[in-house]
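*Asks:* What follows is a predicted protein model with its sequence.
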Amino acid sequence: MVRALRPKNLGEALKALDKERVIVLAGGTDLMVSRKRWSGLTPLFEKPVLFIDHLDALKGVESDGNCVKIGSACTFTSLLENGEIPGFFKDVLSQIASPAIRNIATIGGNICNASPAGDTLPILYALNASLVLAAVGSSRTIAIDNFITGPGETVINENELVKEIVIPKDEFNVFFYKKVGARRANSCSKLSFTGLARVVKGKIGDIRIAFGAVSPTVVRSREIEQKMKNKSVSDIEKMLPEWSNSYSLILDPIDDQRCNRRYRKKISLRILEHFLRSLN
Amino acid sequence: MRIDFVLNGERVSIDTDPLRRLIDVLREEFYLSGVKEGCGVGECGACTILLDGRSALSCLIPVGKVQNGEIVTIEGYRKSDRYRILEKAFAESGAVQCGFCTPGFIMAAEALLRKEAIPDERTIREGISGNLCRCTGYNMIVEGIKRASRMGKGLW
């Protein structure tokens, strides 16, 4: 059996995906752990691996007036060094893993791994990001909240590849991100909070809130955000119990080896309240 | 699969399963035992090498990915002037106890110093955040890197 394929370009990669079942490997920092066997043994890959991290078509960052397009095989380090990536996005990326992992790991890999604790996911949900999925002879765009359907589950077809991530350029003047983990570096999220807002003349113009690692997928509620829009920041203290309760009803954390659900819920709501109060 | 790359300054070629871990290929085929496996899951940094000029964890890299790449391990890096400064600085700072983590920290230090020749403490700690040491408590290692950046003026 052919163990690995190294396509010369994106077209060849898509043909390979169309022809046979393969395992797409970009950075490989998740796959090499999930497929790991004992020291000295080759990790277990039951299908041929398709290397894509060397494909230039997947490594670019383009920016126009409306959005930023990020190639799926961009490493976190390349994004941190790229002037088109907004500062608040870099805040999130810089807290992922460690320098050596960021040099290799890719944004596309983090998305397709679809971990409930995936670090790029909450900010991408909050920014209304979408993904371009490419296959031989076709291409489709799908919003990230429709792409991920559960822990480790996406709607990607077996002959498709995530080509790029499209992020609309919306304006915010408030950004707050808190990742709670066992240590500052190289830890998986116990929970995370992402808050973005545009506050103009004491009124909430736009607001996005996303919670990570506290549910099977990222928690974001456009209904609750809609209730917050156009409210005066001086009303926040009064509305806080109601808004906090609304989120409490949709946060569904679990107990796991990182922490327990009571902690996750309690701290998530505390950070939410801290963020909302800070808008005043 | 045949994989060609540059290893410690020399062109090499190997015909092997492309999904073999780079750490196993470096240790078993090239006898580079300075690349160490502390965890095998990318958390300890003992397997740190330089790939195309940047730090990378060899336990997480399938060897097929390094096609046409350039790898430097501690064995290659030892020959450099920069290494000599780091070695002296680490020795003077008490940054080495059992020594198991040391090759990984030296490679991480090189990666950090080539990005920023005179890093402040926060930058140093962030640069070594992917490396674990069970002996020193880290402060001596941070001191060693600070010292090296002062002693090695002009080298980085």
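*Replies:* Cool, got the structure. Residues are numbered from 1 along each chain as shown, chains lettered A, B, ... in the order given.
*Asks:* Quick one: neighbours of residue 87, just the number.
*Replies:* The chain I'm using is chain A. Burial of A:Gly87 is recorded as 7 neighbouring residues (other CB atoms under 10 Å in any protein chain shown). (Glycine included, C-beta is placed from N, CA and C.)
*Asks:* ah, no, chain B please
*Replies:* When counting by other CB under 10 Å, one arrives at 17 neighbours for B:Glu87.
*Asks:* Doesn't it lie inside a strand?
*Replies:* No. If the criterion is DSSP: H, G, I helix; E, B strand; the rest coil, then B:Glu87 is helix and not within a strand.
*Asks:* How much space separates it from A:Val33?
*Replies:* When CB to CB, to the nearest Å is applied, the distance between B:Glu87 and A:Val33 equals 32 Å.
*Asks:* ditto for A:Met228
*Replies:* Per CB to CB, A:Met228 is found 39 Å from A:Val33.
*Asks:* if you count what's nearby, which of these two comes out ahead?
*Replies:* Relative neighbour count places A:Met228 above the other of A:Met228 and A:Val33, with 20 against 16, counting by other CB under 10 Å.
*Asks:* Would you confirm that the more buried one contacts A:Ile207?
*Replies:* Yes. Under the criterion of CB atoms under 8 Å, A:Met228 lies in contact with A:Ile207, with a separation of 5.1 Å.
*Asks:* what does chain A put close to chain B?
*Replies:* Residues of chain A that fall close to chain B, judged by CB under 8 Å from any CB of the partner chain: A:3-4, A:6, A:25, A:28-29, A:32-33, A:36, A:39-40, A:42-43, A:45, A:49, A:51, A:53-54, A:77, A:97-101, A:103-104, A:184-186.
*Asks:* Looking at those, which are in helices?
*Replies:* Judged by DSSP state H, the subset of the residues of chain A next to chain B located in helices is A:Met32, A:Val33, A:Thr77, A:Pro99, A:Ala100, A:Ile101.
*Asks:* Tell me which two of these sit farthest apart.
*Replies:* Of all pairs drawn from those, the one with the largest separation by CB to CB is A:Val33 and A:Thr77; the distance is 19.1 Å.
*Asks:* how about the spatially most central residue of chain B, what does it touch?
*Replies:* In chain B, the residue lying closest to the centroid (CA atoms, centre = their mean) is B:Met107, at 2.5 Å. B:Met107 makes contact with B:Thr48, B:Ile49, B:Leu50, B:Ser55, B:Val72, B:Thr73, B:Ile74, B:Tyr77, according to CB atoms under 8 Å, 6 or more residues apart in numbering or on different chains.
*Asks:* Now tabulate those residues in JSON lines and tack on pLDDT, distance to chain A and secondary structure.
*Replies:* Formatted as JSON lines, the entries for these read as follows, by pLDDT from 0 to 100; distance: CB to the nearest CB, whole Å; DSSP: H, G, I helix; E, B strand; the rest coil:
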{"residue": "B:Thr48", "pLDDT": "98", "distance to chain A": "6", "secondary structure": "strand"}
{"residue": "B:Ile49", "pLDDT": "98", "distance to chain A": "9", "secondary structure": "strand"}
{"residue": "B:Leu50", "pLDDT": "98", "distance to chain A": "10", "secondary structure": "strand"}
{"residue": "B:Ser55", "pLDDT": "98", "distance to chain A": "4", "secondary structure": "strand"}
{"residue": "B:Val72", "pLDDT": "98", "distance to chain A": "13", "secondary structure": "strand"}
{"residue": "B:Thr73", "pLDDT": "98", "distance to chain A": "14", "secondary structure": "coil"}
{"residue": "B:Ile74", "pLDDT": "98", "distance to chain A": "14", "secondary structure": "helix"}
{"residue": "B:Tyr77", "pLDDT": "98", "distance to chain A": "15", "secondary structure": "helix"}
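*Asks:* How about the contacts made by the residue of chain B found nearest chain A?
*Replies:* Residue nearest to chain A within chain B (CB to the nearest CB): B:Gly130, separated by 2.7 Å. For B:Gly130, the contacting residues are A:Ala97, A:Ser98, A:Pro99, A:Ala100, A:Ile101, A:Ala185, A:Asn186, B:Gly45, B:Thr48, B:Ser55, B:Leu57, B:Ala108, taking CB under 8 Å, 6+ apart as the criterion.
*Asks:* Tell me the one among those residues nearest to B:Gln97.
*Replies:* Comparing the contacts of B:Gly130 against B:Gln97 with CB to CB picks out B:Gly45 as the nearest, at 16.1 Å.
*Asks:* Settle this for me: that closest one is touching B:Phe105, isn't it.
*Replies:* Yes. In this structure B:Gly45 lies within contact range of B:Phe105 using CB under 8 Å: 7.5 Å.
*Asks:* list the residues that contact both of those two?
*Replies:* The contact sets of B:Gly45 and B:Phe105 overlap at B:Ile128, B:Asn131 (CB under 8 Å, 6+ apart).
*Asks:* re the thing from before, burial of the closest residue to the residue of chain B closest to chain A other than its chain neighbours, as a residue count?
*Replies:* Beyond its immediate neighbours in the sequence, the residue positioned closest to B:Gly130 (CB to CB, 6 or more residues apart in numbering or on different chains) is A:Ser98, lying 2.7 Å away. Per other CB under 10 Å, the neighbour tally for A:Ser98 reads 24.
*Asks:* For A:Ser98, give its distance to A:Ala134.
*Replies:* Look at A:Ser98 and A:Ala134: by CB to CB, they are 31 Å apart.
*Asks:* likewise B:Glu10?
*Replies:* 39 Å.
*Asks:* Tell me which of these two has more neighbours.
*Replies:* Neighbours around B:Glu10 and A:Ala134, counted as other CB under 10 Å, are more numerous at A:Ala134. The numbers are 22 against 9.
*Asks:* OK, contacts around the closest residue to that one other than its chain neighbours?
*Replies:* For A:Ala134, ignoring the flanking residues on the chain, the nearest one in space by CB to CB, 6+ apart is A:Lys163 at 4.2 Å. Under the criterion of CB under 8 Å, 6+ apart, the contact partners of A:Lys163 comprise A:Leu10, A:Ala57, A:Leu58, A:Gly71, A:Ser72, A:Val132, A:Leu133, A:Ala134, A:Ser139.
*Asks:* Which pLDDT value belongs to the nearest residue to the second one once chain neighbours are set aside?
*Replies:* Yep, that's A:Ala57 we're talking about. Leaving out its chain neighbours, the residue that sits closest to A:Ala57 by CB to CB, 6+ apart is A:Leu10, at 4.1 Å. Per-residue confidence for A:Leu10 comes out at a pLDDT of 98.
*Asks:* Same question for A:Gly65.
*Replies:* Reported pLDDT at A:Gly65 in the predicted model: 87.
*Asks:* same deal with A:Gly212?
*Replies:* Confidence at A:Gly212, expressed as pLDDT, is 96.
*Asks:* number of nearby residues for it?
*Replies:* Applying the criterion other CB under 10 Å, we find 30 residues in the vicinity of A:Gly212.
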